[in-house]
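**Student:** make a model of this:
(chains A, B and C)
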Amino acid sequence: MAAAVELEGVNVTFGDFVAVRDANLTIEAGEFFSFLGPSGCGKTTLLRTISGFIEPTRGQVRIGGKDMVGIGPNKRPTALIFQNLALFPMMSVADNIGYGLRVRGVPKHERDEKVKNLLIQVALSEHGHKKVSELSGGQKQRVAIARALAVEPSVLLLDEPLSALDLKLRQHMRAELRAIQKRVGITFIYITHDQGEALTMSDRIAVMNAGVIEQVGNGRSVYAEPRTPFVAAFVGENNQIRGRVTAVADGMATLDTPLGALSGRNPVGLKAGEEALLFVRPEALSLVPTGTPNGSTVGFDGEALDVAYEGSVTHVTLRVRTGQKITATVGGGVVPVSGETLHIGFKPQDGLLLARAASH
Amino acid sequence: MGATGGLTLVFGLPLAVALFFFGLAAYERRMGLATGPGFFQRNGLAVGLYLVLAVGFWVFFVIVLPQFSMVDMSFRPKLPPAQMGGPKDVFTLENYRYFLFGSTTSTSSWNWTHLKAFVLTIGVSIAITLFNFALCYPIAFHMAQSAGAARLRILLLLLIIPYWVNEILRAFAFRVLLSSGGIINKLLLGAGVIGEPIDFLGADVGLYMGLSYAYLLMMVFPLYSAIESLDKNQIEAARDLGAPWWHIHLFVVMPHAKPGIASGCTLVFMLCAGALAAPLVLAGPRTLWFTPIVYDRFYQAFNWPQGAAYAFILLVTCVVFVLLVLKMFRLSLGEITR
Amino acid sequence: MTSGPLQRILFAVYIAVFFLYLLGPLMVMGVSAFNTPQYPQVWPIEGLTLDWFSQLFADQDMMYGLRTSLWIGVLVVAISVPIGLAGAIVMTQIQPRVRSAYYLVVVSPVLTPGIIIGISTVVFWREFTTMTGTRFLYDGIILTVIGQSSFISAYCMLIILARLQRFDQAQQEAALDLGASYPQVFRHILLPFLQPALFSAAVLAFLSSFENYNTTTFAILSEKTLTTVLAGRVRQGSTPAISALAVIIVAVTIVGAIAYELWKRRADAAAERRLRAAQAAEESELSGTAAPMAA
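**Tutor:** All right, here's what the predicted structure looks like:
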């Protein structure tokens, strides 16, 4: 199967501002692919470059193996769902859905047939005649999806379409979007700053920061195997501790930190003497009374500041010697008391060492 | 203007401006200041052409070139059509000289009739502008800040009705009201206040009232919309701080409503100074108003260059007034023409 | 700011005086249209009559002028609304560094006295038509339409611009993305969005044209419009037939205003209904009763 979208050395600059830097990426056909990053990271610019509203300053965008240079948004096999949906308020629901077919010159009876089917697909068959303003938030979402699907795009681009919905509806729509994607089988490219959305829906995720694609992988790999400090810090909760590498062995390394010597995995191949960051997830930390360290863990002491009991788990915020705050999520068994001094330990396999990049 | 020189200008100016825009667009594109689709790409060829042609026709053939040719004519002598563009068609100040001295050649005596009319027109227009401001401010404030929705609708309707009756009829209403056999005189006579009808129209009272009346609306609406945008809490806050009512108006409401005040004043002044209907209907036999004089230059004296010069003088006066108001209020043009 | 009883009374008096000033003259004129004396008279009422109305309709010049005025009004709408629309669109697209210069040029007619617009129009087109051998264009009706369009287009532009500035650019992009061409976006998306403003602009353009005198009286040449005929009649002397004309205009205005108000109320009610429907739909969806999507 041909790749749906290929980016090759794509750069987008506005004056002096570099919005996207050197993006190289292949998105497979039929994939649910997400771009995840904070606002202003360039993900929307990249999406608009794929849809044709922005021409890359340098580099090439290929869709279905075809170079898209000079091809406007109205000639590309993509359809975009806008953040605010951009439904046409002066048209009925059915006319909105049929608009793409209308401008393609599809005869009316054929168009009506297709719109009818799409209305059934998105469970809006009763609402075709209504004005867009008469619909609920979720119904509007479905109209926007149906409108985009009507033109049978090979790639559907979604620009944070769920961000305006309230939590309950948003969660419902996630499942629905995923189901639609499975059913129609086309490539979905989804833009979001919400990692929950990205992790639950996507086959693969590209994490972006400051115009750069930092890491591409499936949900598990960007969460468990981050390759840059940004990804480690942005995807999920994480504790980070600075230090300098003192010894390297067997894919592991030891770090000299203000909290003592700590070790963790060394996937990026740091060498002794290099500055590094150690990342440990809150759920990988164990809390035991001081003086009873477990032999298989490394760790340091800290004072519990804030204890939030949630039943199955307890979130504990601790202050360590340097004044830094560490968060730990521990199971239901022991519930620490705030003010208590505890030993914070973790298995070296759960520690992750990454290079301290100059830009962070 | 000479036939060939004139045509060069008529078609050259739009062409030059078009080239300028073309160059500017190319420059901005090369400097990376402009990104995205170009003008014709963005609008499509048909719509793009419509935009260019419609705006081009409007700007050049309806606004700029007519003004230009009026000014041009005001600096030329009055000639029979056959001699236009001939050797006698030269640059001259004689039309302006006539305005000042009453003669195209001699400068020995002033043209008092026209000068007086001019000064009177400007002075009275300013006075009417101030009077209308004073009269309209309270109602505009009331409508914008304290009237309820239903009341507001009625007030707006009442204000708009007289506006759709044209200027001549509005002036005519004052004639009916103020003429020697009119209702005001009848009332005064009946009440024994006066023994003889007062000649309101001959004394220009009618004219001034009619002018003020005709442009009342032009003051109310800009004031209303400017005051309306003021947050009610600001007034409340000022009152809580113990500011007296006049202080609130002078230092809270009026500074906020500045663009509206400037816009209303500019409009009323311009309309008064350029009014033709009210002087025509309400002026007494000895009334002096500048616009009828301009009209007479064209259609009584048939001296178009002189008329053009008089019109230009009026135009310059209005422009100066607008600039003065903007300067006084420290505003830009965009702020008063919303 | 009216707190004390004295202030309240003073303000009431002021409002009364203001509206007496505003509406009194029109009422006086209105009454005189139904009174019998030859000279417009309000008091005493010597007898009620409708003669002045029939005299008005029998006035051939006036009727001719009325037809010309209506015709000019229609032409001005047909020219000013498209020009105003183009002017507003260009305003949003023109390079920022020349925008204020462009703005200055296109709103200048609003701040120029009408007689100057009339004069300059006549002067330019007399020369232009002579130079280019298109003397047939030097016609009172054509010149009046052009002259009035000068500032009426600017009114239209300001009205349309106000709405255009609220246009959501994503609408245009959505249409493009669905495959529409630029002209299709213009026809299907932008024009329907601007429609209310275009309608207001057309109404305002027609009324401004219909009641215009200052520009018209210069540009009309040997033709006649209602206002120029009226000016001539008023110059000759006062007759209640003129009052009758004012009565008709006011009556038409009020009927129009009431019709508009009723229409607007119905539109508002419809919008209100729609809003409620949307809210109800939202509630049912959140409570989980909405139809699940077909698999």
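**Student:** the strands in the stretch 101-250 of chain A, which residues?
**Tutor:** Taking DSSP state E, counting those that start in this stretch to define them, one finds strands in the stretch 101-250 of chain A at A:155-159, A:187-192, A:204-209, A:212-217, A:239-249.
**Student:** who touches stretch A:298-318?
**Tutor:** A:259-263, A:282-283, A:287, A:290, A:293, A:319-321, A:325-332, A:335-346, A:348, A:351 (C-beta atoms under 8 Å, 6 or more residues apart in numbering or on different chains). Heads up, the C-betas are built off the backbone N, CA and C, glycines and all.
**Student:** cool, stretch B:71-80 as well?
**Tutor:** B:1, B:86, B:88-96, B:303-306, B:308-309, B:311-312, C:123.
**Student:** please produce a PyMOL select command covering the buried subset of these.
**Tutor:** This is how PyMOL selects the buried members of the contacts of stretch B:71-80, with burial counted by 16 or more other C-beta atoms under 10 Å in any protein chain shown:
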select buried, (chain B and resi 1+92+94+95+96+303+304+305+306+308+309+311+312) or (chain C and resi 123)
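**Student:** inside helices: which ones of the contacts of stretch B:71-80?
**Tutor:** When DSSP state H is applied, the contacts of stretch B:71-80 are split such that B:Glu94, B:Asn95, B:Tyr96, B:Trp304, B:Pro305, B:Gln306, B:Ala308, B:Ala309, B:Ala311, B:Phe312, C:Val123 fall in helices.
**Student:** just put those in TSV and tack on distance to B:Val71 and pLDDT.
**Tutor:** Converted to TSV, the ones in helices among the contacts of stretch B:71-80 look like this (distance: C-beta to C-beta, whole Å; pLDDT from 0 to 100):
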residue	distance to B:Val71	pLDDT
B:Glu94	15	88
B:Asn95	11	89
B:Tyr96	12	91
B:Trp304	13	90
B:Pro305	11	91
B:Gln306	14	92
B:Ala308	7	93
B:Ala309	9	94
B:Ala311	9	93
B:Phe312	6	94
C:Val123	9	92
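**Student:** so, low pLDDT: which residues of the stretch 201-350 of chain A?
**Tutor:** Where the stretch 201-350 of chain A drops to pLDDT under 70, the residues are A:293-295, A:332.
**Student:** does B:Ala277 touch B:Val165 like I think?
**Tutor:** No: using C-beta atoms under 8 Å as the test, B:Ala277 is too far from B:Val165 to be in contact (11.5 Å).
**Student:** between those two, which is the more surrounded one?
**Tutor:** It is B:Ala277, of B:Ala277 and B:Val165, that has more neighbours when counted by other C-beta atoms under 10 Å in any protein chain shown, with 26 against 21.
**Student:** name the nearest residue to that one, ignoring sequence neighbours.
**Tutor:** B:Glu167 (4.0 Å; C-beta to C-beta, 6 or more residues apart in numbering or on different chains).
**Student:** residues near the one you found, how many?
**Tutor:** 27.
**Student:** gap between it and A:Leu158?
**Tutor:** Using C-beta to C-beta, to the nearest Å, B:Glu167 is found at 59 Å from A:Leu158.
**Student:** number of nearby residues for the nearest residue to B:Ser229 once chain neighbours are set aside?
**Tutor:** Leaving aside its sequence neighbours, B:Ser229 sits nearest to B:His256 (C-beta to C-beta, 6+ apart; 7.6 Å). A count of nearby residues for B:His256, using other C-beta under 10 Å, gives 17.
**Student:** now the most centrally placed residue in chain B, what's its secondary structure?
**Tutor:** Nearest to the mean C-alpha position of chain B, by C-alpha atoms, centre = their mean, lies B:Met270 at 2.5 Å. Put simply, B:Met270 is helix when judged by DSSP: H, G, I helix; E, B strand; the rest coil.
**Student:** likewise the one 5 residues further on?
**Tutor:** In terms of secondary structure, B:Ala275 is coil; the call rests on three-state DSSP.
**Student:** what about it, distance to A:Met91?
**Tutor:** In this view, B:Ala275 and A:Met91 are 48 Å apart by C-beta to C-beta.
**Student:** who has more neighbours out of the two?
**Tutor:** B:Ala275 (29 against 19).
**Student:** in the stretch 101-250 of chain A, which spans are helices?
**Tutor:** A:108-121, A:137-150, A:167-184, A:195-201, A:219-224, A:229-234 (DSSP state H, counting those that start in this stretch).
**Student:** ok, now the stretch 101-250 of chain C?
**Tutor:** C:114-132, C:140-164, C:169-177, C:182-185, C:191-211, C:214-219, C:226-236, C:240-286.
**Student:** touching chain A at all, the third one?
**Tutor:** Put plainly, it is helix C:169-177. Yes: counting by C-beta under 8 Å from any C-beta of the partner chain, contacts between helix C:169-177 and chain A involve C:Ala170, C:Gln171, C:Glu173, C:Ala174, C:Ala175, C:Leu176, C:Asp177.
**Student:** among those, which one lies nearest to chain B?
**Tutor:** Closest to chain B out of the residues of helix C:169-177 next to chain A is C:Leu176 (10.0 Å), distances taken as C-beta to the nearest C-beta.
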